[in-house]
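> pasting the structure only:
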């Protein structure tokens, strides 16, 4: 018997979710492909010069990452929306329309990035080609489109919960989406004063990535733990509130660690340093919470690959966002590390650990249901594939992270501390064998990451295909014994 | 773990209220700080100079009292040999900023340390010894920006800035923007930077 991917097994929201997941996987590939091109240009600067210059490859690399993660989050929310609210999605047709609009907009934006690339220094370029601000390079017309699509997504979520039933997860999620959409507006105006520009630019970049995205992932993770392990709602929702308090309590003013050197007043050194140093605490809470729950349930779960990725998320988020962020967040250290390879070192592990992992966990939940609630526990045929994919992706990203960290250390010492941060000091650091070797290792681990991705896609397309068993049903959560 | 035996500090209600209060308080504090910061970063403030600073001599020196590097604004030193009015200076710096965005500079360079790491930081580019004495700097920068491949110096990396079709006017705008940016008080970033004058 061959189990096919059959839409009949999915509810309305899940049918929309798998569309988002499909595009997310394609954009994940784009992220890796353009990352490899950019990495290769560090080693061979003439490679594709004049055709796809470094700035184009790097822009597509980071934009594809942001967008595939958003696609994954939106898909994950649509995935559980009907189950969580107890009803069909309000305005689902509008949701499908928004998906096609967003996907069309993303396609046009990427095509213009690749074919037009840059323009003259006028307003037309900023509106229709490229805004030239890292992470939010999308031209202004696309910004407006993104806000409209986020509005539809918010309407689907809020109206469905309102007409169905509210829960703790529903409340946190809905308020978080208001913040998520609202913050994007902070990046949608032009100003010549670069200090003011970067001040608001960080409102989008930081308050998305280090605050609202983390809370969004907290909601997704809370639902996943209930679904995968059968954890009681009261426990995950209490933990969710703890995480929200800690994340917003540290993350909102932790924004200040981006204001050290942009022309902002000196008090940001103290505020940003203090609150951003607290940012790892909620991530510790998430590790404790997920590992404790997994332990209480003796790791008995409905979907082994998904749970493994959830655990990878808990540790990856703590290590990448927490530890790697903390290492260079204090201004006394950041003065020497800011603008060096320390930042991509942190960025690679944090985005992978915090966000890629949880999305991949949901891809596995999706294929399980899509094949008719198929068995994904012990003794799964071809089970080596998901384990190797997990291993290769994790080793690949960790390898890149460590290579970039060594390059960052080298830059901090040789370019900054010794060389005095001039252009000749910059190039002295870039040509140092420690730097060049690090870039070669980064490239090698980039290929390992790509191998993991290929295996992941192969696995997602085939896992459970010849499986005859259906997923096990979860037992009631065992009562905790009080001594 | 029934509700009756749950201590107050582990209850859902307590943490729900805490989450709401902590979030609201943090956000209100951020709004207050934002108003203060905006007032202190307006062009023409002590930290972020007026655009006419491009008419002046700029240096970056170690401040013995603050124990960090600070921009030092000196006497008249007009860019391209002409003193610009407030409007003219703002217009030229604006053209530079828009060009820097339109040419996607930030995905190779860093500005104020933010961006990509494939090419040097531009925060104090105007003051960098690599660009020679101040008298020659504007011309050298302009020639480079208009033909970066022909005038490339790769310092052994092999990396060359691509030809981005920058016009003469746009190049002048970029240089004005870089000169203005070098006068922003960045709390001592970059550390230990020595200007052409040995600052």
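Done, it's in. Since we're looking at a predicted model, the values are computed, not measured.
> please make it C-alpha for all contacts and neighbour counts, starting now.
Fine.
> what about the stretch of helix or strand residue B:36 belongs to, near chain A?
Using DSSP states H and E, residue B:36 falls within helix B:12-41. Yes - contact of helix B:12-41 with chain A (Cα under 8 Å from any Cα of the partner chain) involves B:12, B:15-16, B:18-20, B:22-23, B:26-27, B:30, B:37-38, B:40-41.
> buried ones in that helix?
B:12, B:15-16, B:18-19, B:22-23, B:26-27, B:30, B:33, B:37, B:40-41 (16 or more other Cα atoms under 10 Å in any protein chain shown).
> and that helix, what does it pack onto?
helix A:194-207, helix A:233-254 (3 or more Cα pairs under 8 Å, 6 or more residues apart in numbering or on different chains; DSSP states H and E).
> close to chain B, is the longest one?
It refers to helix A:233-254. Yes - using Cα under 8 Å from any Cα, helix A:233-254 reaches chain B at A:234, A:237-238, A:241-242, A:244-246, A:248-249, A:252-253.
> could you give the angle of the helix or strand just after that helix to helix B:12-41?
Toward the C-terminal end, the helix or strand that comes next after helix A:233-254 (DSSP H and E) is helix A:267-278. Relative orientation of helix A:267-278 versus helix B:12-41 (axes from the mean of the first three to the mean of the last three Cα atoms, to 10 degrees): 150 degrees.
> I'd like the mean pLDDT over helix A:267-278, please.
When pLDDT is averaged over helix A:267-278, the result is 96.
> got a list of contacts for the helix or strand that the helix holding residue B:36 is followed by?
With elements assigned by DSSP H and E, the helix or strand that comes after helix B:12-41 is strand B:56-63. Residues from elsewhere that reach strand B:56-63, judged by Cα atoms under 8 Å, 6 or more residues apart in numbering or on different chains: B:68-78, B:127, B:179, B:182-183, B:193-195, B:197, B:199.
> and chain A, which of these contact it?
By Cα under 8 Å from any Cα, the members of the contacts of strand B:56-63 lying near chain A are B:193-194.
> buried subset of the contacts of strand B:56-63?
Buried members of these, scored by 16+ other Cα under 10 Å, are B:69-72, B:77, B:127, B:179, B:182-183, B:193-195, B:199.
> how about the helices in the stretch 351-483 of chain A?
Assigned by DSSP state H, counting those that start in this stretch, the stretch 351-483 of chain A shows helices spanning A:357-370, A:384-410, A:423-430, A:433-462.
> state the mean pLDDT of the longest one.
Read it as helix A:433-462. 98.
> any idea of the pLDDT on residue 180?
This is for chain A. 90.
> chain B, not that one
So residue B:180 comes in at 98 (pLDDT).
> residue B:184 and residue B:47 touch, don't they?
Yes - if you go by Cα atoms under 8 Å, residue B:184 and residue B:47 touch, sitting 5.9 Å apart.
> overlap in contacts, the two.
In contact with both residue B:184 and residue B:47: residue A:263, using Cα under 8 Å, 6+ apart.
> tell me the SS of residue B:179?
When classified by DSSP: H, G, I helix; E, B strand; the rest coil, residue B:179 comes out as helix.
> which residues sit in contact with the residue lying closest to it once chain neighbours are set aside?
Among residues not flanking residue B:179 along the chain, residue B:126 sits closest, at 5.3 Å (Cα to Cα, 6 or more residues apart in numbering or on different chains). Going by Cα under 8 Å, 6+ apart, residue B:126 touches B:175, B:178-179, B:182.
> would residue B:126 count as being in a helix?
Yes - assigned with three-state DSSP, residue B:126 falls within a helix.
> what's the most buried one of the helices of the stretch 351-483 of chain A?
helix A:357-370 (a mean of 25; mean count of other Cα atoms under 10 Å in any protein chain shown).
> tell me the domain ranges of chain B?
B:12-41, B:51-181 (automatic domain parsing).
> how about the residue nearest the centre of chain A: what's its closest non-neighbour residue?
Centroid-nearest residue in chain A: residue A:355, 3.2 Å away (criterion: Cα atoms, centre = their mean). Closest residue in space to residue A:355, ignoring its immediate chain neighbours: residue A:69 at 6.7 Å, by Cα to Cα, 6+ apart.
> for the helix or strand encompassing the one you found, packing partners?
Using DSSP H and E, residue A:69 sits within helix A:54-85. Helices and strands touching helix A:54-85, by 3+ Cα pairs under 8 Å, 6+ apart, are helix A:12-43, helix A:92-115, helix A:140-163, helix A:213-229, helix A:357-370.
> worst mean pLDDT among those?
helix A:213-229 (a mean of 93).
> against chain B, how distant is residue A:472?
Between residue A:472 and chain B the computed distance is 26 Å (Cα to the nearest Cα, to the nearest Å).
> residue contacts, that residue?
Counted by Cα under 8 Å, 6+ apart, residue A:472 has contacts A:302, A:375.
> any idea of the pLDDT on it?
The model's pLDDT for residue A:472 equals 80.
> give me the buried entries from the residues of helix A:233-254 next to chain B.
By 16+ other Cα under 10 Å, these give A:237-238, A:241-242, A:244-246, A:248-249, A:252-253 as buried.
> can you put those residues in a markdown table and add distance to residue A:280?
Output for those, formatted as a markdown table (distance: Cα to Cα, whole Å):
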| residue | distance to residue A:280 |
| --- | --- |
| A:237 | 20 |
| A:238 | 19 |
| A:241 | 16 |
| A:242 | 14 |
| A:244 | 13 |
| A:245 | 13 |
| A:246 | 9 |
| A:248 | 12 |
| A:249 | 12 |
| A:252 | 13 |
| A:253 | 14 |
